[in-house]
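Trainee: Next one to model:
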Amino acid sequence: MSIAQPFEDSKKNARIEARATIRQKKTITQAANMSGLSLSDYMVTRAERAAQEDIARIQLIESTSTDSLLLTDLLMNPPEPSDNLKKAVRRYQDLSQ
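Mentor: Coordinates of the predicted model:
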């Protein structure tokens, strides 16, 4: 949780339930104990971190895909040059002669 979040958001009043195998519970409990956290705190902390990573990864993939489509569209259907671009090309051609 970041410091910038409102104080009210730090109240733990939402509930999450999960089903696990005995082996999974033992493993997660051992990791929580080794981390010095309660089972609940460990699970929520790890799940939130994993969720944030997934969100960032998916947003990057989606934006990359959107950017690729935009670039492809611009390459296939380039816009008309603006007046300023036309002037710049003429100046360049005049200077390079």
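Trainee: State which helix of this protein is the longest.
Mentor: If you go by DSSP state H, the chain has its longest helix at helix 39-76.
Trainee: Point to the residue nearest the middle of this structure.
Mentor: By C-alpha atoms, centre = their mean, the chain has its centre lying nearest to A56, at 1.6 Å.
Trainee: Report the separation between it and R49.
Mentor: For A56, the distance to R49 equals 11 Å [C-beta to C-beta, to the nearest Å]. C-betas here are computed from N, CA, C, even on glycine.
Trainee: returning to what we had before: C-terminal to the longest helix of the chain, what's the next element?
Mentor: Moving toward the C-terminus from helix 39-76, the next helix or strand (DSSP states H and E) is helix 83-95.
Trainee: Need the contact partners of that following helix.
Mentor: Applying C-beta atoms under 8 Å, 6 or more residues apart in numbering, the contact partners of helix 83-95 are P81.
Trainee: Would you mind listing the buried residues in that helix?
Mentor: Buried residues in helix 83-95, counted by 16 or more other C-beta atoms under 10 Å: none are found.
Trainee: mean confidence for that helix?
Mentor: Helix 83-95 comes out with an average pLDDT of 95.
Trainee: for stretch 46-58, same thing?
Mentor: On average, the pLDDT along stretch 46-58 is 96.
Trainee: quick thing: my sequence starts at 727, can you match it?
Mentor: Understood, numbering begins at 727; the last thing we discussed is stretch 772-784.
Trainee: and that stretch, how far out from the chain's middle?
Mentor: Centroid separation for stretch 772-784 versus its chain: 8 Å, with C-alpha atoms, centre = their mean, to the nearest Å.
Trainee: now swap in stretch 759-771 and tell me
Mentor: Centre to centre, stretch against its chain (C-alpha atoms, centre = their mean), the figure for stretch 759-771 is 25 Å.
Trainee: could you dump it to PDB, C-alpha only?
Mentor: Only the C-alpha atoms of stretch 759-771 are listed here, as PDB (Å, rounded to 0.1, in the frame of the first residue of the first chain):
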ATOM      1  CA  ASN A 759       6.200 -17.600   9.100                       C
ATOM      2  CA  MET A 760       9.600 -17.200   7.600                       C
ATOM      3  CA  SER A 761       8.600 -13.700   6.500                       C
ATOM      4  CA  GLY A 762       7.400 -12.800   9.900                       C
ATOM      5  CA  LEU A 763       3.900 -12.100   8.700                       C
ATOM      6  CA  SER A 764       0.500 -13.600   9.600                       C
ATOM      7  CA  LEU A 765      -0.900 -16.000   7.000                       C
ATOM      8  CA  SER A 766      -3.500 -13.400   6.000                       C
ATOM      9  CA  ASP A 767      -1.100 -10.500   5.700                       C
ATOM     10  CA  TYR A 768       1.300 -12.600   3.700                       C
ATOM     11  CA  MET A 769      -1.400 -13.800   1.300                       C
ATOM     12  CA  VAL A 770      -2.800 -10.300   0.800                       C
ATOM     13  CA  THR A 771       0.600  -8.700   0.400                       C
END
